[in-house]
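S.K.: have a look at this prediction, sequence included:
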Amino acid sequence: MSVTTPPAPFTAEDYRARMDRAAAEAADAGLAGILVAPGPDLVHLTGYQPTATTERLTVLVLAAGREPVLVVPTLEAPDAEQAPGAAALTVRDWTDGRDPYAVTAPLLDAGTGARFGVSDNTWALHLLGLQKALPATSYVSLTEALPMLRAVKDARELERIAAAGAAADEAYREILTVRFEGRRETEVAADLAAALMRFGHSQVDFTVVGSGPNGANPHHEAGERVIERGDMVVLDFGGLKHGYGSDTTRTVHVGEPTDEERRVHDLVREAQQAGFEAVRPGVACQEVDRAARKVITDAGYGAYFIHRTGHGIGVTTHEPPYMIEGEERPIVPGMCFSVEPGVYLPGRFGVRIEDIVTATEDGGGLRFNNTPREMAIVE
């Protein structure tokens with residue numbers, strides 16, 4: 001098993017810089033501020049992840065020119081005050097029986113028509129409570145208002161994503177040594193999950209094992225189907241290591257494949273390479289999708305490539321930017337995202353190949369997954 005030194009933890013200064021940047025971006029977007037509930041945005045901005053997300057209001061209030069304030073229930077204040085970014089903000093608590101929205105409202109510069117960004121996973125209960133306390137305000141989701149809030153990673157974040165990708169690669173190398181034929185998809189999925197944990201993941205988010213016709217469903221959940229000789233098997237797996245995501249896909253074959261299966265696999269590999277080669281700073285995200293999709297379409301399989309080519313990754317597995325037609329936002333160095341074309345033949349088999357990549361300052365792309373993309377033959 002490979003052993004790596006854990007990366008240095010983020011500091012209060014790191015979190016302060018993130019909060020300042022978020023507040024400035026909100027002001028540039030015409031927002032009076034942003035409200036961040038427990039979830040990935042709060043972890044990214046403060047390092048705080050409540051042990052329990054309940055009906056009690058917890059919210060980070062950010063606005064340009066104002067001190068960041070984290071509103072928490074009194075019983076959770078001790079934990080909030082120990083969060084990695086706590087030194088860069090003020091923690092304000094409220095006790096049970098008191099109106100938390102009345103506590104929060106004075107923290108908002110809520111003039112008539114003031115508009116605030118709200119993290120996507122904010123409970124409706126809390127948003128409606130704020131609207132009732134401040135009826136002249138309006139709200140917009142952060143994905144809509146600030147889609148690039150977490151998209152561009154700094155060097156220390158890239159280090160974590162690289163470590164997660166390397167651990168996923170090790171898990172794949174290990175899974176090639178186990179037996180597939182005669183075992184259930186769930187058994188192979190359990191092997192994958194165990195391998196991810198052995199190689200340093202703190203959390204396994206998904207282990208897709210799509211054998212034979214199940215591989216034609218891109219998000220097939222491993223089931224009780226017994227894997228047979230002659231099956232193509234899609235393996236898509238990932239989770240969190242050091243708080244950042246891994247996500248990789250390889251497609252293997254049990255025994256010798258047919259000529260058609262080899263041809264489709266080679267086609268997807270060519271499309272994945274074309275998508276990767278399109279990754280350059282300044283290029284629109286949609287160009288990655290166009291490059292990969294063109295290869296598959298030109299070969300006559302366009303109708304069987306049924307999803308976008310990629311998604312961003314960071315503290316969550318799926319986040320902006322998205323590599324899809326219509327996304328004209330330019331790629332920026334430090335953006336991390338998947339390149340994962342696929343071909344799915346209903347009732348027969350599927351093929352997908354996926355790497356996490358980033359755009360680099362020197363003008364190209366860098367892969368965080370480096371296992372062979374050629375078809376592997378398993379037993």
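M.R.: Ah, there it is.
S.K.: quick one: the helices in the stretch 151-300 of the chain?
M.R.: 155-175, 185-198, 259-277, 286-298 (DSSP state H, counting those that start in this stretch).
S.K.: same question for the shortest one, mean pLDDT?
M.R.: Here the mean pLDDT over helix 286-298 is 98, rounded to a whole number.
S.K.: the first one now?
M.R.: Mean pLDDT, taken over the full extent of helix 155-175, equals 97.
S.K.: and that helix, which residues are buried?
M.R.: Within helix 155-175, the residues that count as buried by 16 or more other C-beta atoms under 10 Å are 157-172, 174-175. C-beta: built from backbone N, CA, C; applies to glycine.
S.K.: center of the chain - which residue?
M.R.: Taking C-alpha atoms, centre = their mean, the centroid of the chain lies closest to Thr317, which sits 2.1 Å from it.
S.K.: my guess is that residue meets Asp205, correct?
M.R.: Yes: Thr317 is in contact with Asp205 according to C-beta atoms under 8 Å; the separation is 5.6 Å.
S.K.: find residues that contact each of these two.
M.R.: Among the neighbours of Thr317, those also in contact with Asp205 (C-beta atoms under 8 Å, 6 or more residues apart in numbering) are 238, 245.
S.K.: residue ranges with poor pLDDT in the stretch 101-250 of the chain?
M.R.: 112 (pLDDT under 70).
S.K.: repeat that for 80
M.R.: Residue ranges of the stretch 101-250 of the chain with pLDDT under 80: 109-113.
S.K.: phi, psi of the residue of the chain most remote from its centre?
M.R.: Using C-alpha atoms, centre = their mean, the residue of the chain lying farthest from its centre is Gly97. It sits 37.3 Å away. Dihedral pair for Gly97: phi 100, psi -10, per degrees, to the nearest 10.
S.K.: got it, and Gly310?
M.R.: phi -170, psi 170.
S.K.: ok, it - contacts?
M.R.: 275, 288-289, 322-324, 337-340.
S.K.: in JSON lines, list the residues you listed along with distance to Tyr301 and neighbour count.
M.R.: JSON lines is the format used below for those (distance: C-beta to C-beta, whole Å; neighbours: other C-beta atoms under 10 Å):
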{"residue": "Gly275", "distance to Tyr301": "15", "neighbour count": "29"}
{"residue": "Val288", "distance to Tyr301": "18", "neighbour count": "32"}
{"residue": "Asp289", "distance to Tyr301": "15", "neighbour count": "25"}
{"residue": "Tyr322", "distance to Tyr301": "22", "neighbour count": "21"}
{"residue": "Met323", "distance to Tyr301": "18", "neighbour count": "30"}
{"residue": "Ile324", "distance to Tyr301": "18", "neighbour count": "17"}
{"residue": "Phe337", "distance to Tyr301": "23", "neighbour count": "29"}
{"residue": "Ser338", "distance to Tyr301": "20", "neighbour count": "27"}
{"residue": "Val339", "distance to Tyr301": "17", "neighbour count": "29"}
{"residue": "Glu340", "distance to Tyr301": "15", "neighbour count": "26"}
